[in-house]
Structures are given as C-alpha cells and as structure tokens.
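S.K.: Predicted coordinates and the sequence they were generated for:
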Amino acid sequence: MRVMKHTPAVIAVLLLAFAVNCIKDPLLTDMKTKKLIVVLKGTYESNSPMEWNMPTACAHVDPVTNKCDTYTPEYLAQMQDDSVHECNSTTDTLPNVFMVDLSEIRLFDTRGKSYKFANYRQTFASALSDSDPMFNGTGYPLSNDDVPSKAYTAVALYMRKMLLDGAKSYAARGDGWYPSVVWDVYKEGEYPTYNFNALQIHSYFDTLRLESTSINRVYPMVIPINDLLTGGAGMFYSSKFSYTVLEIRIVVKNFIKKYEQKASASSEYTVKHFHALSDWLNDVQKGDAVIGGNVLTVARTYVPELVGRISGTATAGRHVIAIPAGSSILNYTLNVDPFIDHSVTTAPYRDESMGTLRSLNPCNLPKKPTYYTGTSIYRALEYFLQYENYKYEWNKLVPQGTFVYPDATQLTTLCDSYDTFKDQWNNYSRETGLRSMVLPQLAVYVPSSGTFSIANVMPGSYDVYVANRAPEYGKLYHNRFDHLDAENNPVYVSEFTFLKTVTVSPGSVATVP
Amino acid sequence: MKRISLYCAVAAIALLASFSDAFAYQERKDYFSKPQFGGWFGPVTPVGDLAKRVETNLGGGAFFRFTFPWPYLKFGIDSSYQKFKSKGVNELQFVPVFGNILFQIPVEFPVRFQFKAGAGGGWLSVKPDNKNGWDPIFMGGFEVSFPAGRIVNIGLRIDYIYIYEGYIKGSKNGGHIINTGIQLYFNI
C-alpha cells in the first residue's frame, strides 16, 4: 500500500520529465502559424501590371441638360459590347469599384479530395485604380489555414458575388429612355452595383446538353495549378518551407465591358446596362441572358526562399511572358479558327476581325427568347413576335441551311443534326476550356523605360516571349493558321515572339535577351 | 455545447433523484475513503487562442484515486481522449495523462466538494501539419460528488488544463482547455 501511495506522484513526475524531453516542435504554435499565403490579384500580369486604360465614356456634354449626349468612338468600340443594341441612351458612366464576396476556397489533391482550408467568408472592394492592391501587382492576402504537405492539382474559388458599379436600368417611354440606378447587396449593405457573377453560365449551348441540369461552371470556379516544379501537375506544398505563396489571378484590369439585358418580367419595356468582365473568350451576343465563361483565371505557387528573377529589355508597352521551356506558345493564345481542318484545306483563312469563336461556329443557333411573365399585352405580343423570328432564324440553319462566313465563303458542314451540333459545340468548348487556352503564370508589362523584371520565379527553365503588338483593351492574345508545311501540316503563329530560353536558380537573376 | 452541458446536468439530477438514500451521508462517509476508479464524459472546450483554430467537442476519460492517511486528501491518476475538430482542416487530438491531488472540503455536507490540482504529460496530434508529440501539462479543477449507495458515486466536474510549450524554441503560445463532464465512479 505504501508503494501505491507514491505511485501517482512518481507517474506525474515521470510524465512531466518525459514530455519535456520528448517534444521538438511547438505543435500549438505550428497549428497557429500560417505557412501558406494565398494572394488574390485582379491582373493579367503576375507583377508590374499595365496602367488602367479604360476609354473615356463621354465625348460631348449637352450644355442644356448637362448630360452626356455622345459617347467616344473608343468607348463604343472597346467598352460597349455588341449585346448593347436596344437602348441607345448615353448616360452610362464608367465603373469605379470592383467587389468580390468570396465564401471559401478549397484545394484539390491529386486524388480529387478537397481540402477546406479557407472556409472564411471574405469580401474585397477595390477601386479601379493603379494604386489598389488588387490592381497594382501586390494582391490581397486571403484568410486561410495551412494544408497537409502534399501535391495539389487545383484551387477552387467559391464566389458568392462579383460586382461592378455603374449599372443602370432603362425604361422605354414615349419620349425616350428613363434611367434608374441598379442596386445590389454587397456585405449586407445595398450599394449602386450589379452582381454579374449570377450570369456566369454557359447556357447558350449547355441547355441543350444531356447533363445541362448538373452543369455548374462557376460555383466553384476551379483553377488548375500548372506549376513547373510538378511538371504542370499542380502545386507542391511542404510545411518545411517558411512560406509558400499561392497566387490566384483573375483578369479584371482593362478587361471590363458593358452589356445589355432585357427585363423579362416588368410591364414596362426595360433593359439593363451593366458592367462585367470582357467576353473576349466566350462572346456575348444580342439577346443573351447570360455571360458565362469569361472569368479568366490562373494560379501558381512559389516559395519565397527559392525564387529567382527574370530581367531584361524589350519593346516598351508590350507584354512579356515566361512559360515552361519547351511548351507551346499556342497554349497561351486563343485559336481563332478551330472549326477548320487546315490539313485538308488552306481555305477559308480566318482572322480575328472576321468574328469571334462563337460567331464562327456553324452551330451557333439563335437563342430562344426568354418567356415574358409580366402583365403588359404589348410586351407579351412582342415576345410572340420574337419567338416567330427565332423559329425563322433556326430553320434557316437547320436542317438544310448553309453557314456563310463573313468573307462570303460557305461551310460545307451544316448544322443538320444533333450529332453535328454536339461536335461543333464540343469543339468550341475544347478551344475555350480550361486546359486548351491557359493564361501564362508569369507575365509583366514592359513600361516606357523598356526594362522589365519578372519577380518570384521558381527555379527552372523558361521560354520568354514578347507580344508583337500592344495590349488591346478587353482582349488577350490569339494564334491563327499561317501556312501548310512541306508535309501538309498546318503551321500556326501566335501574337508572341520568342526572345530567349532562360534558366532560373534560387536567388539568381536571368537576363533577357 | 451549452445544451449538452444542460443535458448532462439534468441527467445527473435525475439519476440522483432515483436513489432515495443519496443523502445518507453519515453512514457512508467511510466508503468514500476507499480507493476509487471511474470514468467521465462531457464537452471539452478549447479556450483563448486555441478556440480560434478548433471547436468544442465531446470527450471522455477514466481515473483512479486513493486516499491519503488524512481522509480529506486523495491522490489521483487521470487520463482522457479529446478530439477537437474545426470547420476547416484544423484538428487537434489530445490525450492528457496526469497525476493530481484532490482536497475535499472538510465540512460535512450530503455532497462532497473537491478541489484538485496536478501535472503530467499530454500527447498531442495536430492537423494539417500531421505532427504529434508529448507536452507537459498542468491542471486544476473542481468536483461535486453524490454518493449513491456504498459503491457508486456520481459527480460533476470541471477541469482546466494548460498545455505548456514555453520551453520549446519558437513557441509563441500554450494551450488552454476546459473539460466539463458528468462522472460515475466506484468505491472499491
């Protein structure tokens, strides 16, 4: 019994001594320490972005009404989408603030298992200015926890809302269009903004597909991580490094356009003008109720203690990009003529001026008008007229129609069956999908000095390219068919010119050229 | 978790009420001085900085005690399993093993009030870092016990456990955990 009486004290002392000697890492501090830094940027460039270049909206102000009565040609060409066709009011103004409401972020590992490492709701309101962290190349750090050390193939953003201000609703009355400001909710408050995230749906062809009810391309927004370190397979995260940065970029800067939408419920004839991301990739056309497929994103990771830098000189006012050595530059540009088999024929030759990918698709059938659910007899009659017109346009193409390209050449492949329809839209989908056209992970804008520096470059070999034209507002870069080689294979050219292959090692600066 | 605590309290009172002689203190005083063993379960709650990373959960454990020559002082050995989850990827598993001294208020009540303090070691496993190891821990607590016959005791307990990491290089904080629970233990 005497021995038993001392046993607990002995055990306590032994455990204490054992515990003190045994541990090496401060586990609770490790649990609290954040080693994975997630940064959100709103630029095409990974650092040194180009300045905001939104075209001025108003060309002339009426001295009597003190309102704008004419838009500038640049505004009409670059900012105003061709979906704006009914309301010709000239009182729209440029947006000033971009707002994001992010419900959570997840990472997916190589087996597809998701990791809820940042399920904190976060909101960001960014001024559309060159000094805002969203647009100056710095980025906003997000709230998140660490993840287990392993490889991750993709990051998924759960965007509740993306909003831009400057949206207006126009009611048609006898003496013109009557504007009223559109209000939306951001961070539990009402602001004069419009949430365009709700329209990020590909419904102009998804609705005809079998899996249409399960298609959800925007919630979450899945962004593959094509890091060089893993051979393009994803991000390798290890808690052994002090920090790992996961950089997520959404192209917003110089990539905003104005669209038009018709209200389908109000008794008055009403259209809405709102701002959203450019439809450079997935064209928005007249009468479209959705604007899906146009949130262009890229993600990459780097470990600050391992990075180097690529510096050099290039033509001022151009984009310089660095891609993994040996990879095709065509992957970083959009093919403008995917519907033509150039190994069979060299004609017709396409370029971007002839139309967008969607308008070149022979199965770009007219869209059924949205049902009118209001009480106005005039609006109801107009809906029936639109419906008749829709049937007329449809019958022109299906089944015996001929697709005529803008250069007057005719396409022999008709959209005469659902199989053809499916093939053509799958073709389209392949071209505009996640893996076929990716944004470069490393990109900078060359300032007027002509010297550039790509920062935070992970070790490896890179091919450095410079764009052979200045950036255009609301557009990225293309490639197109150039000629057939000796073996009759099509050769494509992009809007980038190769500069040099460089090898970056930790702490080093690789120079170009 | 407040609701779980309430349920525990109600269950304890209901159980007590079912023993008609639960308050026959005088006759059973000596039985309480015998060696005891038992178990507990209830909400385990991270406090302070730890509460920002993981959330309250249910935990449980077992203990063994025997009395000093002086009847109001006991030695005890206590261990439990506590798993704290979060809405995200953070997770903490904690197995404290400690010795403690229990002091019973030397006033004759139908129920017994005991204060306790002790020290020992705790095994920790944290996610997402996937690391584990032992840390020294210190604890203090309070118990209320109701005798239910010669053998059975029913009690409510509240323990505070401090996980000490201050001696490790790079440590910025320790851990604070509060265990509350209902316990059932036996005089042997």
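M.R.: All right, it came through fine.
S.K.: Quickly list what the most centrally placed residue in chain B is bridged to.
M.R.: Nearest to the mean C-alpha position of chain B, counting by CA atoms, centre = their mean, stands B:Asp159 at 5.0 Å. Here B:Asp159 sits in beta bridges with B:Gly141, B:Asn179, going by DSSP bridges.
S.K.: show me the contacts for it.
M.R.: Contacts for B:Asp159 (CB atoms under 8 Å, 6 or more residues apart in numbering or on different chains) come out as B:Lys116, B:Met139, B:Gly140, B:Gly141, B:Ile178, B:Asn179, B:Thr180. Heads up, the C-betas are built off the backbone N, CA and C, glycines and all.
S.K.: If you rank the residues you listed by neighbours, which is first?
M.R.: B:Asn179 (24 neighbours; other CB atoms under 10 Å in any protein chain shown).
S.K.: Output the helix or strand A:Asp463 falls within as PDB, restricted to C-alpha atoms.
M.R.: Assigned by DSSP states H and E, A:Asp463 belongs to strand A:460-467. Taking Å, rounded to 0.1, in the frame of the first residue of the first chain, the C-alpha atoms of strand A:460-467 are listed here in PDB:
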ATOM      1  CA  GLY A 460      13.600  26.000 -63.800                       C
ATOM      2  CA  SER A 461      13.900  26.700 -67.400                       C
ATOM      3  CA  TYR A 462      11.600  29.200 -69.100                       C
ATOM      4  CA  ASP A 463      10.900  30.400 -72.600                       C
ATOM      5  CA  VAL A 464      10.500  34.100 -72.600                       C
ATOM      6  CA  TYR A 465       8.200  35.700 -75.200                       C
ATOM      7  CA  VAL A 466       7.300  39.300 -76.000                       C
ATOM      8  CA  ALA A 467       3.900  40.300 -77.600                       C
END
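S.K.: Using PDB, write out every CA atom in the helix or strand following that strand.
M.R.: Once the chain leaves strand A:460-467, the next helix or strand it forms, by DSSP H and E, is strand A:478-484. The C-alpha trace of strand A:478-484 is given here as PDB (Å, rounded to 0.1, in the frame of the first residue of the first chain):
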ATOM      1  CA  HIS A 478      -4.600  35.000 -80.400                       C
ATOM      2  CA  ASN A 479      -3.000  32.500 -82.700                       C
ATOM      3  CA  ARG A 480      -4.000  31.700 -86.200                       C
ATOM      4  CA  PHE A 481      -3.300  29.400 -89.100                       C
ATOM      5  CA  ASP A 482      -0.300  30.600 -91.200                       C
ATOM      6  CA  HIS A 483       0.600  28.100 -93.800                       C
ATOM      7  CA  LEU A 484       1.000  24.400 -94.600                       C
END
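S.K.: what is the rounded mean pLDDT of strand A:478-484?
M.R.: Average pLDDT, strand A:478-484: 86.
S.K.: Could you pull out the buried residues of it?
M.R.: Neighbour-count burial for strand A:478-484 flags A:His478, A:Asn479, A:Arg480, A:Phe481 (criterion: 16 or more other CB atoms under 10 Å in any protein chain shown).
S.K.: A:Val336 is in contact with the third one, correct?
M.R.: In other words, A:Arg480. Yes - between A:Arg480 and A:Val336 there is a contact at 5.0 Å, judged by CB atoms under 8 Å.
S.K.: Can you classify the residue in the stretch 301-450 of chain A that chain B sits nearest to as helix, strand or coil?
M.R.: Proximity of the stretch 301-450 of chain A to chain B (CB to the nearest CB) peaks at A:Thr301, 16.1 Å away. With DSSP: H, G, I helix; E, B strand; the rest coil as the basis, A:Thr301 sits in strand.
S.K.: where does chain A dip in pLDDT?
M.R.: A:1-23, A:202-217, A:264-266, A:345-352, A:399-403, A:405-407, A:409-414, A:434-435 (pLDDT under 70).
S.K.: quick check: longest strand of it.
M.R.: In chain A, with assignment by DSSP state E, the single longest strand is strand A:150-165.
S.K.: for that one, packing partners?
M.R.: The helices and strands touching strand A:150-165, judged by 3 or more CB pairs under 8 Å, 6 or more residues apart in numbering or on different chains; DSSP states H and E, are strand A:97-109, strand A:184-186, strand A:193-195, strand A:221-224, strand A:235-237, strand A:244-250, strand A:270-277, strand A:297-302.
S.K.: would you list every one of the strands in chain B?
M.R.: Remark: strands assigned in chain B by DSSP E are B:36-47, B:57-67, B:73-85, B:91-104, B:112-127, B:131-148, B:152-163, B:175-187.
S.K.: sorry, that was for the stretch 251-400 of chain A
M.R.: For the stretch 251-400 of chain A, the strands defined by DSSP state E, counting those that start in this stretch occupy A:256-262, A:270-277, A:297-302, A:308-313, A:319-324, A:334-335.
S.K.: Pick the one among the buried residues of strand A:478-484 closest to A:Ile340.
M.R.: Within those, the smallest distance to A:Ile340 is 7.3 Å, found for A:Phe481 (CB to CB).
S.K.: pLDDT-wise, which helix or strand of chain B ranks last?
M.R.: One helix or strand of chain B scores below all others by mean pLDDT, DSSP states H and E: helix B:25-28, with a mean of 46.
S.K.: Check the spacing between the residue nearest to the centre of chain B and A:Val284 real quick.
M.R.: Here B:Asp159 is placed at a distance of 63 Å from A:Val284 (CB to CB, to the nearest Å).
S.K.: Reformat the strands of chain B as CSV; add mean pLDDT.
M.R.: Converted to CSV, those look like this (pLDDT from 0 to 100):
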stretch, mean pLDDT
strand B:36-47, 96
strand B:57-67, 94
strand B:73-85, 95
strand B:91-104, 95
strand B:112-127, 94
strand B:131-148, 93
strand B:152-163, 96
strand B:175-187, 95
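S.K.: can I get these in a markdown table with distance to A:Asp419?
M.R.: Listed next are the strands of chain B as a markdown table, based on distance: least, CB to CB, whole Å:
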| stretch | distance to A:Asp419 |
| --- | --- |
| strand B:36-47 | 60 |
| strand B:57-67 | 56 |
| strand B:73-85 | 50 |
| strand B:91-104 | 51 |
| strand B:112-127 | 50 |
| strand B:131-148 | 56 |
| strand B:152-163 | 66 |
| strand B:175-187 | 63 |
